[in-house]
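S.K.: Return a 3D structure for these sequence lines:
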Amino acid sequence: MNSQNTISDGREKNTYFVTPDDIINNLSLDKNYCLFLDIDGTLAPFQIDPEQSFIPNTTLEIIKKIIKLNIPVIAVTGRDVDTAYKLLQPIEIPVAGLHGLDIYFDSDHYIRPDLSSINFKNLKQDIMKSCEKYPELLIEDKGYSIALHYRKNPELENHAINIMHQIIPNYPQLKINNGKFVVELIPNQADKGKAIQTILNHLNISSAHPIFIGDDLTDESGFICINQKFGTSIKVGSGETQAQYRLKDIDTVTNFLLLFQNRIKSLYVKNSQNQNGEKICLS
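M.R.: Numbering: from 1, shown residues only. This is a model prediction of the structure:
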């Protein structure tokens, strides 16, 4: 319980699991909040086939209630925007897809860098050719990135990584992202930390206290961004991290979101009573 490391802004990050109550009790009562959420491994349980992933209805209902309390909720995910929206249905929230490369606010506001110089069709063909000897490797075409999953056979990890390292010199506009049972080639502009900053600016909520929950290596730039803003960064599961807190698993994340919703709801009711002198009911 005493094992801790120091992060760049001088605060300490926990290297042991905490309870949702531990985090909730450290949240100030006089702040506005915004919530950034990863999807896979944070809201959605791990699946051998990523196309079988889903977010439990219980979690979606809690997020819906948080949104009704005027708390901005944004998904920051490695999924492409369209897939993320399907996973989040019926909720409609801003989505930073492809690790922050694609940022979708609504049909009139979409931020994406110019990627016309990258031949993703050739990239996919190169990867497919290199994977012919390894049928258990799963190629996921995300439109503006290609992911190579080895979750069906974790022993193929080194082969998957070597394939991508052999290909990337031909695509200097791309970088390698390593994740849980996946290695991905994605444009250099993709960065969850930069995406979070862009979203805060675009939604004019830079003064809000940001909370970011994620589980993978690709979430680390997001944790660093949140820490620099003195927000609350939460890592799900084990592994080295810059996050301040660590929750055990997806179920614990759901419990945290429920406690967070209840805390914000109680403050909303209290403030309304103070202003109006009457009680209100929020379903």
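
S.K.: would you list every one of the strands in the protein?
M.R.: 4-6, 12-14, 33-37, 73-76, 95-97, 102-106, 109-111, 138-141, 146-149, 174-179, 182-187, 209-214, 232-236, 245-247 (DSSP state E).

S.K.: Need the ones you listed in CSV (columns: mean pLDDT and mean neighbour count).
M.R.: (C-beta placed from N, C-alpha, C; glycine too.) Shown next, in CSV, are the strands of the chain (pLDDT from 0 to 100; neighbours: other CB atoms under 10 Å):
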stretch, mean pLDDT, mean neighbour count
strand 4-6, 39, 10
strand 12-14, 53, 16
strand 33-37, 97, 23
strand 73-76, 98, 24
strand 95-97, 97, 27
strand 102-106, 93, 18
strand 109-111, 90, 12
strand 138-141, 96, 17
strand 146-149, 96, 23
strand 174-179, 94, 18
strand 182-187, 97, 22
strand 209-214, 97, 25
strand 232-236, 97, 26
strand 245-247, 97, 23
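
S.K.: With distance to Ile67 as new columns, can these be given to me in CSV?
M.R.: What follows is the strands of the chain, written out as CSV (distance: least, CB to CB, whole Å):
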stretch, distance to Ile67
strand 4-6, 34
strand 12-14, 28
strand 33-37, 9
strand 73-76, 5
strand 95-97, 14
strand 102-106, 14
strand 109-111, 18
strand 138-141, 29
strand 146-149, 29
strand 174-179, 27
strand 182-187, 29
strand 209-214, 14
strand 232-236, 18
strand 245-247, 21
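
S.K.: Go through the ones you listed and name the closest to Ile224.
M.R.: Of all the strands of the chain, strand 232-236 sits nearest to Ile224, with 8.1 Å by CB to CB.

S.K.: Return the alpha-carbon coordinates of the closest one using PDB.
M.R.: C-alpha atoms of strand 232-236 as PDB (Å, rounded to 0.1, in the frame of the first residue of the first chain):
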ATOM      1  CA  THR A 232      -8.000  13.500 -12.000                       C
ATOM      2  CA  SER A 233      -6.400  10.700 -14.000                       C
ATOM      3  CA  ILE A 234      -7.500   7.100 -13.500                       C
ATOM      4  CA  LYS A 235      -5.800   4.000 -14.800                       C
ATOM      5  CA  VAL A 236      -7.800   0.700 -15.100                       C
END
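
S.K.: Tell me the strands beside it, with direction?
M.R.: strand 209-214 (parallel), strand 245-247 (parallel) (DSSP bridges).

S.K.: So what's the residue count around Leu88?
M.R.: By the criterion of other CB atoms under 10 Å, Leu88 has 22 neighbours.

S.K.: Looks like it contacts Leu60 (just checking).
M.R.: Yes - in this structure, Leu88 is within contact of Leu60 by CB atoms under 8 Å, at 7.2 Å.

S.K.: tell me the pLDDT at Glu51?
M.R.: On the pLDDT scale, Glu51 is placed at 89.

S.K.: if I look at it, how far off is Arg79?
M.R.: 11 Å (CB to CB, to the nearest Å).

S.K.: Check Pro169 too.
M.R.: 27 Å.

S.K.: Noted, bye for now.
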